[in-house]
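# Sequence plus the predicted model coming up.
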Amino acid sequence: MTPVILQLLNGLSFAALLFLLSSGFTLTFGLARVVNMAHGAYYLFGGYIGLSVIGLTDSFLLGVLAGGIAVALLNAVLDRYLIQRTVGQPLMQVLLTIGIVYVIAEIALIVWGGNPIRVPVPNWARGPVELPGGIFYPRYRFLLIVLGLLVAAALWAFYRLTPIGAVVRAGVDDREMVSAIGIDIGLLFALVFALAAFLAGASGVLGGAFLTLYPHAEWDTLILALVVVIVGGLGSLEGAMVGSVIVGLIDAFGRWLWPEAAAFMMFGPMAVLLLIRPQGLFGRAH
Amino acid sequence: MTGHIALKAAAIAVGLLAAQAAHADAIKIGVMLPVSGGLAKSGIDAKNGFELYWNKVGNEAGGREVEIIVADTVCNPDNAINAARRLVFNDEVDFLVGPLCGHEGPAVAQVSEETGVPLLLVPAAADNQTKWNRIPTVIRTGFSSSQDAHPFGEYLYNELGLRNVTFLGQDYSYGQEKTLGAVETFEALGGTVDEILWAPLSTNDYAPLLASIPPGTEAVVPVVVGVHRNRFIETWFDFGYDRQFKLVGLNLLQADALTDMDDRVVGLISVAQNYSQGIDTPENKAFMDAFVENYSEIPSYFAEMMYSTAKWAHEAINSIDGNVEDRDAFLQAVRDTEIVGPRGPLKLDEFDNPIQTTYISRVEEVDHPKLGPVLMNVPVKAYENVSQFWTWTPEEFLERGPYTK
C-alpha cells in the first residue's frame, strides 16, 4: 500500500506545480485569446531571477515573489509593445511569442550560463515529514501540494465568488458585451495577464527547486502547460485543476509501472481525448 | 632580347613566390561545436580547450600558421551538417574537428565521406562510428560510449565486491551503450543485475522511477546525462535512498555537474571516463593550471579531449612538414602519431579509436589555490590501455552486434 500512496503524493506534488504553471496560461487564453508560447520562458526567467534574489537575500519567499513580480513586469512591457499588435491574428501571435522564447532563453544563457542550477530549498522546507501511517515524504514536496491546493482554492473563489471574477467570466464568454456595458476590458485583460505572468514566474522558482533550471526548460515547460490546458480545456480554471491532477498522476504511475512508455502515457490519453472531446474536459466549443 | 629574358625571369620569380605563398598559407581547421543553445556551456568549454593548446604553441604547425574557424552546431544534426558544409566549401578548411553531441556525429561524418575532408571525431561518442559504420576519412580522438563501461563492470564486481546491482540508464543510444557495456562485463564475472531501469529523456521527476528500485539490491548504478544528473541526485537524497542503497556512478557526476552539488556527494564514486581532473601527472597539472589561469574554472572532460586532439593534430602535422593538402598523408600521420595528453598516453587501434586509460573517479573537496574550495573528481582506480573492444577480439565484438536494449 505504501508505494501506491507515495506515487499518489509524487503525482500530486507534480500536479501542484503543473497547476501553478498552467492556470495563468489557460486564463490568458480564455479571456484575452492570447496564445502565449512564451509561458515556458516566463517560468525559466522567473526561476533564474528568484535564484539570484535568493542568493542575495537568503530568503526563499522573497525569491518566489521576486521571480513572479519580475516576470509580471516583463510581461507588461512585452504585452504593451509587442503582443498587443497581434491581437486577433493567432498565427502572428504564436510566431511572435515563439520569437520571444528564443530571446529570453538566449539572455538567460548569457546571464546564468548553461550548467543546470538548482534553486536552493530553505532549511525549514528540508528533510522528511511524517504522515499518518508512518509514511515519510520530502517536506518540500508536501508543502508544494499544500500551496497548490491553497492557490487553487483562492483562484477558484476569486473566479466564482467575487464581482471581478464574474466580470472575468463574462469576458471569457462575450467580450463585446462586457465592453458595451461600460467595463474597461483592457484593464481587466492587463490584470489577468499580470496574474498569469506572476504565477508562471513564481512557479519557475518553486519548480527550479526540484526540477532544476537549465537551458531548454522553456520548451519542456511549455509542452507540459500545453498538455494540461488541452486536457482540461482551454480557458477553464476548473479544467486546469483537473487537467493538472490527471497529468500529474498519469506521469507518476506511468513512470513507476511502465517507465519506458512514459512519453506515450503523457501524450496517448491526450490524443484519445482530443478525438472524443476536442474542446478538452471542461472547455466549451466556440 | 634582354627585355625578354628579364620578363621571363620576372615571371618565374612571380611564379616561385606564388608557389611559396601557397605553401605558406595558413592551415585551416574547422571546429564544429554547440557554442549557443542548451549545450553552449559544454561547447564553449571544448572550444576553450582547443584554443588553449594552439595558443600555447603559438598557432603554428609544420612551419605554417594555424587558423581555427569555429562553426556553431547548436547540438542539432541539421545545423551540424550545414556547419560542416560551410567550413568545407566556403572556408575551405583542411580538416574538421568535432562535433560534441552524439547524434551530430553521423551527420558530420557524412560530409567528410562526401567531400573527402578528414574529420577528427571528438567528443561525440556513438559506438558504431568506430565499429560497424566506419568511414575511411574519419578518425576518432575522443572515446566510444561503451569503452569506459567495460572496466567499470569489473570494478563493481572485483573492487567493490558487489554481486546484486540495479542499473538506471538514460534511454537513448549513449545511455544504452554505456549501461549495457557495464552490464556485459559485470554479468560475465557472475554478477546479478536485479533490474535495469530505463529513464526516458523526457523524465522530469525521478521520484516515480526510483520507487521501482528492487528492495534487495545492493547498489544502484546510474548512467544519466545533462540536467538529469542534478534531478537524479536531488531525488536520491530527498527521499532518503542514500540510507537504503549504495550509489555508484558510472555516468553521474562529471565536473560540470559538480558546480551545483553540495557536500552530500563527497566520497561518491562519480564517473568512469577517459579523464579525471585529479590525475597526478605533470601533463595534467600543467593543463589544469593553464586552463584555470585563462578561464577561471576547472576544465571539463570536453576541454581535455579537445586539448589533446589539438596536440595530436599538431604533432601529426609536424611529422608531414605541414603538408595537410595531402589528405591521405595527414590521416596516416594521425594514425602513426602517439601522444601523451593530460589524460595520459593515447594511440589509435586498427579501427581508428583511441586506446587510452579509463579512470574511475570519486568526488573530493579540494582546496584549489586559485578557486578556493571546489568539488573535484579524483581518480581512485585507473585501467590502462583500454581498447574499445576491451578483452574481446574485434571480430568477436563486431559479431555480437551493438549494445541496444
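In hand now; what should we look at?
# which parts of the stretch 51-200 of chain A sit against chain B?
Contact residues, the stretch 51-200 of chain A versus chain B (CB under 8 Å from any CB of the partner chain): A:106, A:109, A:113-118, A:128, A:136, A:138, A:140-141. (C-beta placed from N, C-alpha, C; glycine too.)
# Now flag whichever of those is closest to chain B.
A:G114 (3.0 Å; CB to the nearest CB).
# Could you tell me how many residues sit around the closest one?
23 (other CB atoms under 10 Å in any protein chain shown).
# What is the distance between the one helix or strand B:E384 maps to and the centre of its chain?
Under the criterion of DSSP states H and E, B:E384 resides in strand B:372-386. Taking CA atoms, centre = their mean, to the nearest Å, one finds the center of strand B:372-386 at 16 Å from the center of the full chain.
# what packs against the helix or strand harbouring A:V178?
Assigned by DSSP H and E, A:V178 falls within helix A:175-180. If you count contacts as 3 or more CB pairs under 8 Å, 6 or more residues apart in numbering or on different chains; DSSP states H and E, helix A:175-180 packs onto helix A:163-173, helix A:185-211.
# would JSON lines of the residues of the stretch 51-200 of chain A next to chain B with secondary structure, distance to B:T179 and pLDDT be doable?
Shown next, in JSON lines, are those (DSSP: H, G, I helix; E, B strand; the rest coil; distance: CB to CB, whole Å; pLDDT from 0 to 100):
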{"residue": "A:E106", "secondary structure": "helix", "distance to B:T179": "34", "pLDDT": "90"}
{"residue": "A:L109", "secondary structure": "helix", "distance to B:T179": "30", "pLDDT": "88"}
{"residue": "A:G113", "secondary structure": "coil", "distance to B:T179": "29", "pLDDT": "83"}
{"residue": "A:G114", "secondary structure": "coil", "distance to B:T179": "25", "pLDDT": "79"}
{"residue": "A:N115", "secondary structure": "coil", "distance to B:T179": "24", "pLDDT": "80"}
{"residue": "A:P116", "secondary structure": "coil", "distance to B:T179": "21", "pLDDT": "83"}
{"residue": "A:I117", "secondary structure": "strand", "distance to B:T179": "27", "pLDDT": "88"}
{"residue": "A:R118", "secondary structure": "coil", "distance to B:T179": "25", "pLDDT": "88"}
{"residue": "A:P128", "secondary structure": "strand", "distance to B:T179": "30", "pLDDT": "84"}
{"residue": "A:F136", "secondary structure": "strand", "distance to B:T179": "30", "pLDDT": "84"}
{"residue": "A:P138", "secondary structure": "strand", "distance to B:T179": "27", "pLDDT": "91"}
{"residue": "A:Y140", "secondary structure": "helix", "distance to B:T179": "30", "pLDDT": "94"}
{"residue": "A:R141", "secondary structure": "helix", "distance to B:T179": "28", "pLDDT": "93"}
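# In those, find the pair that's most separated.
A:E106 and A:F136 (41.8 Å; CB to CB).
# B:V74 and B:G161: what is the separation?
45 Å (CB to CB, to the nearest Å).
# Show me which of the two is the more surrounded one.
Per other CB under 10 Å, whichever of B:V74 and B:G161 has more neighbours is B:V74, with 20 against 8.
# ok, back up a step: for the helix or strand just after the strand holding B:E384, list the C-alpha coordinates in PDB.
Under the assignment DSSP H and E, the closest C-terminal helix or strand after strand B:372-386 is helix B:394-400. Presented in PDB, the C-alpha positions along helix B:394-400 are these (Å, rounded to 0.1, in the frame of the first residue of the first chain):
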ATOM      1  CA  PRO B 394      37.400  -7.000 -32.700                       C
ATOM      2  CA  GLU B 395      35.800  -9.900 -34.600                       C
ATOM      3  CA  GLU B 396      34.000 -11.300 -31.500                       C
ATOM      4  CA  PHE B 397      32.800  -7.800 -30.600                       C
ATOM      5  CA  LEU B 398      31.600  -6.900 -34.100                       C
ATOM      6  CA  GLU B 399      29.900 -10.300 -34.400                       C
ATOM      7  CA  ARG B 400      27.900  -9.700 -31.200                       C
END
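# What are the buried residues along helix B:394-400?
B:F397 (16 or more other CB atoms under 10 Å in any protein chain shown).
# Which strands or helices does it pack on?
For helix B:394-400, there is no helix or strand it packs on, judged by 3+ CB pairs under 8 Å, 6+ apart.
# Now tell me what touches that helix from outside.
Identification of contacts with helix B:394-400 by CB atoms under 8 Å, 6 or more residues apart in numbering or on different chains yields B:131-132, B:349-351, B:389-390, B:392.
# Centre-most residue in chain B?
By CA atoms, centre = their mean, the mean C-alpha position of chain B lies nearest to B:P123, the distance being 3.2 Å.
# so where is chain A shaky, pLDDT-wise?
Judged by pLDDT under 70, chain A has its weakly predicted residues at A:1, A:285-286.
# All the strands of it, residue numbers only.
Counting by DSSP state E, chain A has these strands, from start to end: A:128-131, A:135-138.
# ranking those strands by burial, who's on top?
Comparing the strands of chain A by mean neighbour count (mean count of other CB atoms under 10 Å in any protein chain shown), strand A:135-138 comes out on top with a mean of 18.
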